[in-house]
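In: got a structure for you, letters missing:
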Ligand code: PMP
């Protein structure tokens, strides 16, 4: 396994270090103030009060020279940290040979598809075909089309709290008022079922687990007359819900959903865009459940510094699709493909997946222990280095922390040089999702500061 010393060399030393009187500093503040004049603030980080200037490993400098530890990794994108020396080398080498071939075969995309087949989860491993896109949204668009084409069916079943992208079909299965309000009508044929989010489940569970209830409900929907879910092409599910609040259900839910899919004849699609690429302590987060998915969507951490996303399909399904029916000009750019292969190598050679499981458990144990004296923590949960800390106003009633409290926490962290971004249906879940290359020392420093800040809000 890669050593702590080797990992430390990938980032700036001495982080965090804030040298301005408060953040954002004057230069960043000026850039943030003028940004809305030139770029749409509909983008995800539009309102976040930080400007990146230099990124190295898990550390980031802003234009004022403040140095941060980034515990967000750009929402899980920088899986091996920013500008990893081997990634820089791969970009240099590949850009001197071939940059892009515009959907024509190129040597790198061919190698990448083979490599992905070798790391795909059981059921798909060396029995799958990749289709490349440039973003997670694009991958979900195509997964929906492929599932419909293969099954000859129309409906898609997704879950409350789901985030799958913001294009057309992907937006139709994404939940969240801010992504939907005023943008409809959306693609028809979409059904949303409850996700096993036990901390905020709206119905009584009796003596069953939330996973059992939600899994049984999917079976009821798909396999009972008069539920109107009679033409379902695919069930699309995040094995750990991301934007919906970092919710990691137990395997039982996925096993029940898979069984219900098989009975109905629907495909099981695991959206691994956020939880994949080793983050949860397995290469693919669905592997924790033992379920063999029919399709996987991937993105974010696979490309890391350069865009790479796509769909991994079981071979017998992929072979039913028509050749040249889904052209994409910028898919599998040769440089992005080379970088993605390098990321996979760095993850495998450094045993970063096993390390994510170990370090993630240490962090979660620590936060859970500390939460006994921090009533603002309603629940800390997670899998590997995908940890959510749900903040509340009142632990008894579970009333979510409001926008003011979350702003105090996020700004308190930034003022101390720690980058963490919230998520969740009420925006009250802090997510810890650093690059898999974060040192124990930096991770512990970030958690020290987090616990201090939480103690003051
Ligand atoms: N699926 C999941 C699970 C995601 O978390 C995201 C992005 N947050 C997407 C799809 C969409 O990815 P992208 O932003 O690359 O379009």
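Out: Arrived safely, thanks for sending. Note that the structure is predicted; figures quoted are calculated from it, not measured. Residues are numbered from 1 along each chain as shown.
In: count of neighbours near the closest residue to residue 7 other than its chain neighbours?
Out: Excluding its sequence neighbours, the residue lying closest to residue 7 (Cβ to Cβ, 6 or more residues apart in numbering) is residue 439, at 4.7 Å. In short, each C-beta sits where N, CA and C put it, glycine included. When neighbours are defined as other Cβ atoms under 10 Å, residue 439 has 22 of them.
In: Kindly report the same for residue 360.
Out: 24.
In: Which positions in this protein make contact with the ligand?
Out: Contacts of the chain with the ligand, taken as Cβ under 6 Å from any ligand atom, map to 75, 135-137, 140, 163-165, 238, 242-243, 271, 273-274, 299, 309.
In: swap the cut-off to 8 Å and go again
Out: 44, 75-76, 135-140, 162-167, 170, 238, 242-243, 271-275, 297, 299-300, 307, 309 (Cβ under 8 Å from any ligand atom).
In: In ChimeraX, select just the buried ones from the residues you listed.
Out: Entered in ChimeraX, the line below selects the buried ones among those, by 16 or more other Cβ atoms under 10 Å:
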select :75,76,135,136,137,138,139,140,162,163,164,165,166,170,238,242,243,271,272,273,274,275,297,299,300,307,309
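In: What's the mean pLDDT across stretch 93-109?
Out: Stretch 93-109 comes out with an average pLDDT of 96.
In: One more: stretch 423-433?
Out: So the average pLDDT for stretch 423-433 ends up being 98.
In: Can you check what pLDDT the model gives the nearest residue to residue 384 once chain neighbours are set aside?
Out: In space, and not counting its chain neighbours, residue 384 is closest to residue 281: 3.3 Å by Cβ to Cβ, 6+ apart. Confidence at residue 281, expressed as pLDDT, is 98.
In: Work out for me the element residue 281 sits within.
Out: In the assignment (DSSP states H and E), residue 281 maps to no helix and no strand.
In: Just the closest residue of the stretch 351-457 of the chain to the ligand, please.
Out: For the stretch 351-457 of the chain and the ligand, the shortest gap (Cβ to the nearest ligand atom) falls at residue 423, measuring 8.9 Å.
In: wait, the chain
Out: Closest point on the chain to the ligand, by Cβ to the nearest ligand atom, is residue 136, at 2.2 Å.
In: what's the pLDDT at that residue?
Out: Looking at residue 136, the pLDDT reads 98.
In: Ok, residue 45 next?
Out: So residue 45 comes in at 89 (pLDDT).
In: Look up how far residue 163 lies from it.
Out: Between residue 45 and residue 163 the computed distance is 15 Å (Cβ to Cβ, to the nearest Å).
In: so what's the residue nearest to residue 7 up against?
Out: 4, 7-8, 11, 58 (Cβ atoms under 8 Å, 6 or more residues apart in numbering).
In: for the protein, longest helix please?
Out: helix 352-370 (DSSP state H).
In: So what touches the helix or strand following that helix?
Out: Next helix or strand after helix 352-370 toward the C-terminus (DSSP H and E): strand 377-383. Applying Cβ under 8 Å, 6+ apart, the contact partners of strand 377-383 are 199, 240, 246-248, 275, 280-281, 285, 288, 360, 364, 367-368, 370-371, 387-392, 395, 398, 400, 432, 454.
In: In helices, which of the contacts of residue 439 appear?
Out: Using DSSP H, the contacts of residue 439 in helices are 4, 7-8.
In: Identify each buried residue in stretch 175-184, please.
Out: Neighbour count says stretch 175-184 has residue 175 buried, by 16+ other Cβ under 10 Å.
In: Now do the nearest residue in space to residue 351 that is not next to it in sequence: how many residues are near it, please.
Out: Closest residue to residue 351 apart from its sequence neighbours, by Cβ to Cβ, 6+ apart: residue 1 at 4.2 Å. Neighbours of residue 1 under the rule other Cβ under 10 Å: 12.
In: ok, for the residue nearest the centre of the chain, nearest residue in space, not its chain neighbours?
Out: With distances taken as Cα atoms, centre = their mean, residue 274 lies nearest the centre of the chain, 1.5 Å away. The shortest distance from residue 274 to any non-neighbouring residue, by Cβ to Cβ, 6+ apart, is to residue 242 (3.7 Å).
In: From residue 301, how far out is that neighbour?
Out: Residue 242 is 12 Å from residue 301, by Cβ to Cβ.
In: picking up where we left off before, show only the entries of the residues of the chain next to the ligand found in helices.
Out: 75-76, 136-140, 170.
In: Please list all residues in contact with residue 433.
Out: Taking Cβ under 8 Å, 6+ apart, one finds 71-73, 75-76, 279, 385-387 in contact with residue 433.
In: Next: residue 390.
Out: Going by Cβ under 8 Å, 6+ apart, the list of residues near residue 390 reads 199, 245, 377-381, 400, 424, 428-429.
In: list the buried ones in the host helix or strand of it?
Out: Following DSSP H and E, the helix or strand that holds residue 390 is strand 386-394. Within strand 386-394, the residues that qualify as buried are 386-392, counting by 16+ other Cβ under 10 Å.
In: would a markdown table of those residues with pLDDT be doable?
Out: Below are those laid out as a markdown table (pLDDT from 0 to 100):
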| residue | pLDDT |
| --- | --- |
| 386 | 98 |
| 387 | 98 |
| 388 | 98 |
| 389 | 98 |
| 390 | 98 |
| 391 | 98 |
| 392 | 98 |
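In: what number of residues lie near residue 67?
Out: 20.
In: mind checking pLDDT for the closest residue to it other than its chain neighbours?
Out: The shortest distance from residue 67 to any non-neighbouring residue, by Cβ to Cβ, 6+ apart, is to residue 17 (4.3 Å). Here the pLDDT value assigned to residue 17 is 98.
In: show me what contacts residue 17?
Out: Taking Cβ under 8 Å, 6+ apart as the test, what residue 17 contacts is 66-67, 417.
In: could I get the residues you listed as a markdown table with distance to residue 348 and pLDDT?
Out: As requested, the contacts of residue 17 are exported to a markdown table (distance: Cβ to Cβ, whole Å; pLDDT from 0 to 100):
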| residue | distance to residue 348 | pLDDT |
| --- | --- | --- |
| 66 | 34 | 98 |
| 67 | 30 | 98 |
| 417 | 31 | 98 |
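In: In strands only, show me those.
Out: Assigned to strands by DSSP state E, the following of the contacts of residue 17 qualify: residue 67.
In: tell me the mean pLDDT for the helix or strand hosting residue 254?
Out: Taking DSSP H and E as the definition, one finds residue 254 inside helix 251-264. Averaged over helix 251-264, pLDDT sits at 98.
In: Contacts for it, please.
Out: By Cβ under 8 Å, 6+ apart, helix 251-264 touches 196, 209-212, 214-216, 218-219, 221-223, 232, 235, 237, 239, 266-268, 286, 288-292.
In: Stretch 223-231 too?
Out: 153-155, 157, 189, 191, 220-222, 260, 263-264.
In: which among those end up buried?
Out: Buried, going by 16+ other Cβ under 10 Å: 153, 155, 157, 189, 191, 221-222, 260, 264, out of these.
In: thinking again about what came up before, just the ones in helices among the contacts of residue 439 now: which is nearest residue 185?
Out: Nearest to residue 185 among the ones in helices among the contacts of residue 439, counting by Cβ to Cβ, is residue 7 at 48.8 Å.
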